[in-house]
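Novice: The amino acid sequence is not available; the structure is as follows:
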């Protein structure tokens, strides 16, 4: 008896596979627009971030084109399978970052050193400079968040936050998405980062937690508004 390994597929890939099959059958045909993100979310019974990730997977596979302010259009009928790996999507990573980084920030408020605060102030300046460049890497933003995780004094949390940033930078679907939104003008929110540093400087754990949580929620909201079809 031949048994195939059971694989648990990520939610956005389940949505993308269903859409790929519909496109393969010609509904809608090449050149036509897919239903709106909001309509698809309602039909599939999932959140808009999952639909957005599915659209990115289809775009990477060359099956659709996302046109900002216009919609998502079918380019061609697909082959057998999607070309993307089973990587975590950008919104999955952001949700995980919110869980870990908010608590890391609360701990850091009680344990961060004056030298680390000074480094965060310098990174804020680096972030402002990066935001003004035509081609940006967001290196200062990553260093800022990872330094706070380090300052929390818990090596397990620090390693987890660094790993989540590694996923953000290496996941094909995540890198494709962030490259797209950067091209459309999305930049790290400096004022949010200033509020985080202010809470850390005051040593207020609750304020630091809330500042980080609000910042990452704003990032999610802004990314949902970016590249919206």
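Specialist: Cool, the structure landed. Just so you know, these numbers come straight off a predicted model, no measurement behind them.

Novice: Enumerate every residue touching residue 207.
Specialist: Taking Cβ atoms under 8 Å, 6 or more residues apart in numbering, we find residue 207 in contact with 109, 199. C-beta here means a position set from N, CA and C on the backbone, and glycine is covered the same way.

Novice: Now with 10 Å, please.
Specialist: 105, 106, 109, 195, 196, 198, 199, 200 (Cβ atoms under 10 Å, 6 or more residues apart in numbering).

Novice: same check, this time on residue 28
Specialist: Residue 28 makes contacts with 22, 34, 35, 73, 74, as judged by Cβ under 10 Å, 6+ apart.

Novice: From residue 100, how far off is it?
Specialist: 40 Å (Cβ to Cβ, to the nearest Å).

Novice: Just the buried ones out of the contacts of residue 207, please.
Specialist: With burial judged by 16 or more other Cβ atoms under 10 Å, the buried subset of the contacts of residue 207 is 105, 106, 109, 195, 196, 199, 200.

Novice: Okay, the nearest residue to the fifth one once chain neighbours are set aside and residue 197: tell me how far apart.
Specialist: What that stands for is residue 196. Nearest non-adjacent residue to residue 196, counting by Cβ to Cβ, 6 or more residues apart in numbering: residue 211, 4.5 Å away. Counting by Cβ to Cβ, the gap from residue 211 to residue 197 is 9 Å.

Novice: Could you give the number of residues near residue 146?
Specialist: 17 (other Cβ atoms under 10 Å).

Novice: For it, what is the enclosing helix or strand?
Specialist: helix 139-151 (DSSP states H and E).

Novice: For that helix, enumerate the helices and strands it packs against.
Specialist: helix 90-111, helix 114-132, helix 155-170, helix 190-202, helix 205-225 (3 or more Cβ pairs under 10 Å, 6 or more residues apart in numbering; DSSP states H and E).

Novice: and with 7 Å instead?
Specialist: Counting contacts by 3 or more Cβ pairs under 7 Å, 6 or more residues apart in numbering; DSSP states H and E, helix 139-151 is packed against helix 90-111, helix 114-132, helix 155-170.

Novice: ok now do the residue nearest to the spatial centre of the chain, which residues does it touch?
Specialist: The residue lying closest to the centre of the chain (Cα atoms, centre = their mean) is residue 90, at 3.1 Å. Going by Cβ atoms under 7 Å, 6 or more residues apart in numbering, residue 90 touches 53, 173, 174, 177, 178.

Novice: Would you agree the fourth one is in contact with residue 56?
Specialist: Yes - using Cβ atoms under 7 Å, residue 177 makes contact with residue 56 at a distance of 5.1 Å.

Novice: Now do the contacts for the residue nearest to residue 196.
Specialist: So residue 211 contacts 195, 196, 199 (Cβ under 7 Å, 6+ apart).

Novice: buried ones in the strand or helix carrying residue 23?
Specialist: Per DSSP H and E: residue 23 is located in helix 11-24. Across helix 11-24, burial judged by 16+ other Cβ under 10 Å covers 11, 12, 13, 15, 16, 17, 19, 20, 23.

Novice: Between these, which sits nearest residue 115?
Specialist: Using Cβ to Cβ, residue 12 is the member of the buried residues of helix 11-24 that lies nearest residue 115, at 41.2 Å.

Novice: Could you tell me how many residues sit around residue 26?
Specialist: 11.

Novice: Any figure for the gap between it and residue 18?
Specialist: Separation of residue 26 from residue 18 (Cβ to Cβ): 15 Å.
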